[in-house]
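[1] sequence first, then the predicted structure:
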Amino acid sequence: MRVRNTAITLLLVTLGLGTGCTRFVDPGKGYTRGTSHKPPPNTEVTWYTVGRGDTLYSIAWQYGYDYRAMAEWNNIPRPYTIYPGQKLLVRAPGPESSSRRPSTRVKSQSTQKRTTKQVPVQSAASPKKWTWPARGKIVSEFSAGDRRRQGIDIAGKRNDPVYAAASGRVVYSGNGLRGYGNLVIIKHNETYFSAYAHNQKVRVKENEKVKSGQRIADMGNTSADRVMLHFEIRRDGKPVNPMKYLPKQGS
């Protein structure tokens, strides 16, 4: 009986490791995704190991970089396809990181022709019309430089509708970014993105096109201490004050 119990325990441990339930920072300053995407606090990260559910957009979002710049650092051509197990440079390349750079190729990419041409990042104009992503009281405002306030928080009731603030395409839908809960990221053009966090339920899928004002989620409190929508707008990968883009309430 003791032998049988030991065998069962070993099997469960093996299955747990196989599902990627651990997270750690490896000696090479690389972060492997597990239960959350972000590394432990105060940990310097140079390399990120792609996990299931990751997109180039979500990785660039969590590190605060423009996705086009990150694509150039890692020689990833359009349509920016990445694969689980692939190592990505997640900080601006310098002498140290360049000299220690590992291969970012995986088996499925071995025959893919890579481009080395450096394409300058060009900003596109903001969508002509932004709409409010939810109805409710603003309980936290944007504060430049404060990582906890990179957007605005709108209070509401559980399952209140969450709307797309402008037309675009869903480039991330998941719960892998620590602190955001169930998150939706929409790409409006090459420059502007918006994010909708803490949702109770997400109603859209990745690569789905959405229209301005379309219901994309239900408000909730996943990874939050109250029911609310955390809403962000980013320009070239950097957070900007949503209040400068949204119309005046009531108008």
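    Structure received. Residues are numbered from 1 along each chain as shown.

[2] does Tyr245 really touch Glu232, like I thought?
    No - between Tyr245 and Glu232 no contact is recorded; they are 11.1 Å apart, counting by Cβ atoms under 8 Å. Heads up, the C-betas are built off the backbone N, CA and C, glycines and all.

[3] neighbour-wise, which of these two wins?
    When Tyr245 is set against Glu232 and neighbours are counted by other Cβ atoms under 10 Å, the residue ahead is Glu232, at 21 against 17.

[4] what's near enough to touch the more buried one?
    By Cβ atoms under 8 Å, 6 or more residues apart in numbering, the residues touching Glu232 are 150-151, 194-195, 197, 239, 242.

[5] and which of those residues is nearest to Leu88?
    Of all those, the one with the least separation from Leu88 (Cβ to Cβ) is Ala195, at 20.0 Å.

[6] phi and psi next, for that closest one.
    Ala195 adopts backbone torsions of phi -130, psi 150, taken as degrees, to the nearest 10.

[7] tell me where this structure is predicted with low confidence.
    Confidence mapping of the chain against pLDDT under 70 gives the ranges 1-45, 93-123, 250-251.

[8] tell me where it has helices.
    Counting by DSSP state H, the chain forms helices over residues 2-18, 56-63, 67-73, 95-99, given from the N-terminal end onward.

[9] could you pull out the strands for the stretch 151-251 of the chain?
    152-155, 161-163, 168-174, 182-187, 192-199, 201-202, 209-210, 215-218, 228-235, 238-240 (DSSP state E, counting those that start in this stretch).

[10] who wins for neighbours among the contacts of Glu232?
    For these, neighbours were counted by other Cβ under 10 Å; the highest total belongs to Ala197, with 26 neighbours.

[11] got the contact list for that residue?
    Taking Cβ under 8 Å, 6+ apart as the test, what Ala197 contacts is 179-183, 223-224, 229-232.

[12] same check, this time on Val184
    Residues in contact with Val184, defined by Cβ under 8 Å, 6+ apart, are 162, 170, 172-173, 195-196, 199, 202, 204, 216-217.

[13] Ala164 is in contact with Ala217, correct?
    No - judged on Cβ under 8 Å, Ala217 makes no contact with Ala164 at a distance of 9.4 Å.

[14] okay, those two: which has more neighbours?
    When Ala217 and Ala164 are compared on other Cβ under 10 Å, the one with more neighbours turns out to be Ala217, at 27 against 24.
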